[in-house]
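Sharing a model prediction with you, sequence too.
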Amino acid sequence: MTNQYLNKVWQENPSYIRRFYDNLNTNEKLCQEVKYILSTEMKNSDIKIAHISSRGKTLESFCEKICRKSYQNPFDDITDFAGVRIVYLYSTTRKNIEAIIENKFDVVEKVDKTLIDEEKFGYGALHYLVKIKNSHVGARYDELKNRVCEIQVRTILQDAWAIVAHHLSYKQESDVPKELRRKLNALSGLFETADDQFENIRDARQTYQSEVQKSIFDGNELPNQEEANIDELEAYLKSRFPERVHEGHNGVPELLDNLKTYGYSTLSDIGAMIDAAIDAVLATEAGFPPTDENNEDIQYNTVGLARTALCYMSKDYLKDNFEGSNLEQIKIYNHLVKKLKT
C-alpha cells in the first residue's frame, strides 16, 4: 500500500519528492533541537518523565498523507515533518510541561484532544505546533527559523493507546466496525481511569512516606519486626540525612536488596548499622571525596552514605563489590566504626 502511494506521487508530482529530500536534513535538525531544549529544561526543572523522543516524517508517510487527504499545498498544509513526543508519568505533571513549551517556543497552535467532546473515539492527548523563538540566534538556528515542529504530550497510557490504535489502523471512529466500537470506547475509558489511579497511588505513597518520616522525627523507635520496604527506606534516609541529595528512584531499590542480602532486613537493623559506621563514612568522604562528571569533589547522596556504611559493616559486601583502592580506603578509617548495638 505504501509503495502504491509513493508511486502515485512520483508519477503525478515528482517535484514533491525532490523537495521532501531537500528539506529532510533540516527537519531532522529541527527535531533534535526541539528535543534538546525540552530535555534540558525539564531536567533543570526536575520534571520526571518516562521518555522524550523525536522523529522526522518519512517519505512513505508523506506520500500516504498527500494521497489520503488530497493536499493542494502539502508543504504548507502538512505540519508534522518534524515531531517530538513527551511521555510523562502523572497527570499533574502536564501543567509544568505546558509551561516549558509555551515559554521556550513560539506556539502556533495548541490542541487539547482530551477536551474535544465530539471526539468520543480514542484517548486523546495534547498537541502543539511550535517554532524556534527569534531570540535563538546563531548559525545553527538560521535554517530552523519559521519551521514548524509538532510536539505531542502524552501520559504513558495515552501513548500505549495511540500505538495500539496505529497498529490497528483506526484513525477515527468511522474506521472501526460497529461490533468493535463499544469495546474500544470502553477500553479508552478504562485507560483514563487507570491514569487517575496511578496519580492516586503516587499521592498515597507520598502520604505514607511523610507519615514514616514524621514518626522518625517524633523519636519513635524504628520498626524491627518486619522487613523494610522501599518507601520506608526512602523515608528513613530523607529523615536521617535531610541536608543530603536524595535520588531514591535511582538507587534505593538496589540498596535495599543489598542490605537484605548482607543481613540488614528491618529498618531498625539498617538504622543501627548506619549509626555504627557513620563516623567512618564521613571520614572516608572527607579523605576520598566522590566526584561528579566534571571531576569536581561532591558529597555522598543519601544512598551513597548508606552504601559506604554497608562497606564498613559487611566484609562480604565489601569483598563482593569492591577491590583495589576502595579496600585500602576502608582499612584507613575502620577504627572509627562503633560496636553495633543489639
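It's in.

tell me the secondary structure for Ile86?
Judged by DSSP: H, G, I helix; E, B strand; the rest coil, the three-state class of Ile86 is strand.

State the number of residues packed around it.
27 (other C-beta atoms under 10 Å). All C-beta atoms are positioned from the backbone trio N, CA, C, and that covers glycine.

And Ile78, by the same measure?
17.

cool, Gln209 as well?
20.

What sits closest to it if chain neighbours are left out?
Counting by C-beta to C-beta, 6 or more residues apart in numbering, Gln209 lies nearest to Ala235, which is 4.3 Å off, once chain neighbours are set aside.

and that neighbour, what does it touch?
208-210, 212-213, 216 (C-beta atoms under 8 Å, 6 or more residues apart in numbering).

between those, which has the most around it?
Val212 (23 neighbours).

residues in contact with that one?
231-232, 235-236, 239.

let's see it at 6 Å
232, 235 (C-beta atoms under 6 Å, 6 or more residues apart in numbering).

swap in Pro223?
Pro223 neighbours (C-beta under 6 Å, 6+ apart): Leu267.

now it: how far from Val130?
Pro223 sits 51 Å away from Val130, going by C-beta to C-beta, to the nearest Å.

Among the contacts of Ala235, which one sits closest to Ile86?
Gln209 (26.7 Å; C-beta to C-beta).

So that closest one is in contact with Ile230, correct?
No: in this structure Gln209 lies outside contact range of Ile230 using C-beta atoms under 6 Å: 9.7 Å.

Need the mean per-residue confidence for the longest helix along the chain.
Across the chain, the helix with the greatest residue count (assigned by DSSP state H) is helix 178-217. Average pLDDT, helix 178-217: 77.

hmm, back to that, tell me which helix or strand the residue nearest to Gln209 sits in.
Ala235 belongs to helix 230-240 when assigned by DSSP states H and E.

relative to helix 178-217, how tilted is that helix?
Interaxial angle, helix 230-240 versus helix 178-217 (axes from the mean of the first three to the mean of the last three C-alpha atoms, to 10 degrees): 40 degrees.

And the longest helix of the chain, how far out from the chain middle?
18 Å (C-alpha atoms, centre = their mean, to the nearest Å).

From Leu255, how far off is the residue nearest to Gln209?
From Ala235 to Leu255 the distance is 14 Å (C-beta to C-beta).

Which pLDDT does the model give Lys319?
pLDDT, Lys319: 85.

ok, now how distant is Cys311 from Gly263?
14 Å.

the more surrounded of these two?
Cys311 (22 against 13).

Quick one: residues contacting that one.
Cys311 neighbours (C-beta under 6 Å, 6+ apart): 318, 330.

can you tell me the helix or strand for it?
Secondary structure assigned from DSSP H and E places Cys311 in helix 302-313.

what's the helix or strand just after that helix in contact with?
Using DSSP H and E, the helix or strand that directly follows helix 302-313 along the chain is helix 315-321. Helix 315-321 is contacted by residues 262, 310-311 when judged by C-beta under 6 Å, 6+ apart.

Give the next helix or strand downstream of helix 315-321.
Next along the chain from helix 315-321, counting by DSSP H and E, comes helix 325-332.

Next, the buried residues of that following helix.
329-330 (16 or more other C-beta atoms under 10 Å).

export it as PDB, just CAs?
Included here for helix 325-332 are C-alpha records, laid out as PDB according to Å, rounded to 0.1, in the frame of the first residue of the first chain:
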ATOM      1  CA  SER A 325      42.000   1.200  46.200                       C
ATOM      2  CA  ASN A 326      38.500   1.000  47.600                       C
ATOM      3  CA  LEU A 327      39.500  -1.800  50.000                       C
ATOM      4  CA  GLU A 328      42.500   0.200  51.200                       C
ATOM      5  CA  GLN A 329      40.400   3.300  51.800                       C
ATOM      6  CA  ILE A 330      38.100   1.300  54.100                       C
ATOM      7  CA  LYS A 331      41.000   0.000  56.100                       C
ATOM      8  CA  ILE A 332      42.200   3.500  56.900                       C
END
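
now that helix against helix 302-313, angle please.
Using the same axes, to 10 degrees: helix 325-332 against helix 302-313 is 70 degrees.
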